[in-house]
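Participant: Below: sequence and its predicted model.
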Amino acid sequence: MAHKGKNVLCGNWKMKLSAAAAKALALELVPLSRELRHSQIWVAPSFTAIPDVAAVVRGSALRLGAQNVYGALEGAFTGEVSVGMLKEFGCEFAIVGHSERRIIFGETNELAAERAAAVLKQGFTVIFCIGETAKERKENLTGEVLEAQLWALLTKISEADGSHLIVAYEPVWAIGSGVVAKVQEIAEAHMTIAAIWKKRFSSACPPILYGGSVTADNFAEIIRLDLVAGALIGGASLTFESMQKLARISEEAGSC
Ligand code: 13P
């Protein structure tokens, strides 16, 4: 799914909103989405909330996706959901390789990359999350970690598959911590990601989102960075008021 050069404000609702709460928030976000010229709002509810949210967003400018997806077309994969199942409800993207999947549920670089590659090959948009831990940053391993996580994917896809890819730089230490990365750190990481892409492909680097403690207080300077195409937002995506503030900031900054 093309984001057409607009800033992407993607709410990752994690395991935080019931179907009823997700539907109520989507109802508020639909009219807001319609007003935006330079930005798009994307939301990733829990699987169980997707049908209710889908009914609300149908035909609107609000984009619906999932927090995870499996690459196989169908089969004995207990607990997993396929691209076809997501499409049935109008989902247009899925997040893959979130650090919570990697750290809590043991998804390795290899597994996250295999998932994402199989999904991209089906022409479905993937937001592929990568990022270093606090320890890795302290040990100056950020570049190596980003390369290992992204390279695992880039060696499994073609340049054409990459046209459906969005990369999210989410430093693990910034997620849910209230400690946002400094603009310099974000700029450097995004340049590193672009350089890794260039090692493999000659086409333009995919859009790169920043994620980790994004709020209305810190977003203005982040969205103005050259290589930042938007944000993957956790806590601050859970209320309409906060999303409205973020959308206004994004609109003031203009298109990426
Ligand atoms: P927070 O915005 O709550 O730090 O979460 C970020 C995140 O993990 C988005 O995927």
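Facilitator: Right, received. Where do you want to start?
Participant: neighbours of the nearest residue to residue 255 once chain neighbours are set aside, just the number please.
Facilitator: Among residues not flanking residue 255 along the chain, residue 38 sits closest, at 4.5 Å (CB to CB, 6 or more residues apart in numbering). Glycine gets a C-beta too; all of them are placed from N, C-alpha and C. Close neighbours of residue 38, defined as other CB atoms under 10 Å, add up to 16.
Participant: before we move on, what about residue 52?
Facilitator: The burial count for residue 52: 18, using other CB under 10 Å.
Participant: From the ligand, how far out is residue 233?
Facilitator: With distances taken as CB to the nearest ligand atom, to the nearest Å, residue 233 is found 5 Å from the ligand.
Participant: That residue: neighbouring residues, count only.
Facilitator: The number of residues near residue 233, taken as other CB under 10 Å, comes to 27.
Participant: Pull the contacting residues for it.
Facilitator: Each residue near residue 233 by CB atoms under 8 Å, 6 or more residues apart in numbering is listed here: 9-12, 211, 214, 243, 246.
Participant: at 7 Å what do you get?
Facilitator: By CB atoms under 7 Å, 6 or more residues apart in numbering, the residues touching residue 233 are 9-12, 211, 214, 246.
Participant: Of all residues in this protein, which one is closest to the ligand?
Facilitator: In the chain, the residue that lies nearest the ligand is residue 234 (2.3 Å; CB to the nearest ligand atom).
Participant: isn't that residue right up against residue 176?
Facilitator: Yes: Residue 234 is within contact range of residue 176, at 6.1 Å (criterion: CB atoms under 7 Å).
Participant: tell me the mean pLDDT over stretch 152-166?
Facilitator: Stretch 152-166 comes out with an average pLDDT of 97.
Participant: Please renumber the chain so that the first residue is 632 from this point on.
Facilitator: Okay, residue one is now 632; in that scheme the one you just asked about reads as stretch 783-797.
Participant: hmm, it touching the ligand?
Facilitator: No: Stretch 783-797 is not in contact with the ligand by CB under 6 Å from any ligand atom; minimum separation 12.3 Å.
Participant: In PDB, please show the C-alpha coordinates belonging to that stretch.
Facilitator: Provided in PDB are the C-alpha atoms of stretch 783-797 (Å, rounded to 0.1, in the frame of the first residue of the first chain):
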ATOM      1  CA  ALA A 783      18.100 -10.900   7.300                       C
ATOM      2  CA  LEU A 784      15.100  -9.600   5.500                       C
ATOM      3  CA  LEU A 785      16.800  -7.900   2.500                       C
ATOM      4  CA  THR A 786      18.600 -11.100   1.500                       C
ATOM      5  CA  LYS A 787      15.200 -12.800   1.300                       C
ATOM      6  CA  ILE A 788      13.300 -10.300  -0.900                       C
ATOM      7  CA  SER A 789      13.600  -8.800  -4.300                       C
ATOM      8  CA  GLU A 790      13.800  -5.100  -5.000                       C
ATOM      9  CA  ALA A 791      10.100  -5.300  -6.200                       C
ATOM     10  CA  ASP A 792       9.000  -7.000  -2.900                       C
ATOM     11  CA  GLY A 793      10.700  -4.100  -1.200                       C
ATOM     12  CA  SER A 794       8.200  -1.600  -2.700                       C
ATOM     13  CA  HIS A 795       5.700  -2.800  -0.100                       C
ATOM     14  CA  LEU A 796       8.100  -2.400   2.800                       C
ATOM     15  CA  ILE A 797       8.100   0.200   5.500                       C
END
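Participant: Can you give me the end-to-end span of stretch 806-815?
Facilitator: Counting by CA to CA, to the nearest Å, you get 17 Å between the two ends of stretch 806-815.
Participant: Now it: buried residues?
Facilitator: Neighbour-count burial for stretch 806-815 flags 806, 811-812 (criterion: 16 or more other CB atoms under 10 Å).
Participant: for stretch 789-800, same thing?
Facilitator: 792-793, 795-800.
Participant: Give me the three-state assignment for the closest residue in space to residue 883 that isn't next to it in sequence.
Facilitator: Take residue 883 and drop its neighbours on the chain: the residue closest to it by CB to CB, 6+ apart is residue 851, 7.5 Å away. Classification of residue 851 by DSSP: H, G, I helix; E, B strand; the rest coil places it in helix.
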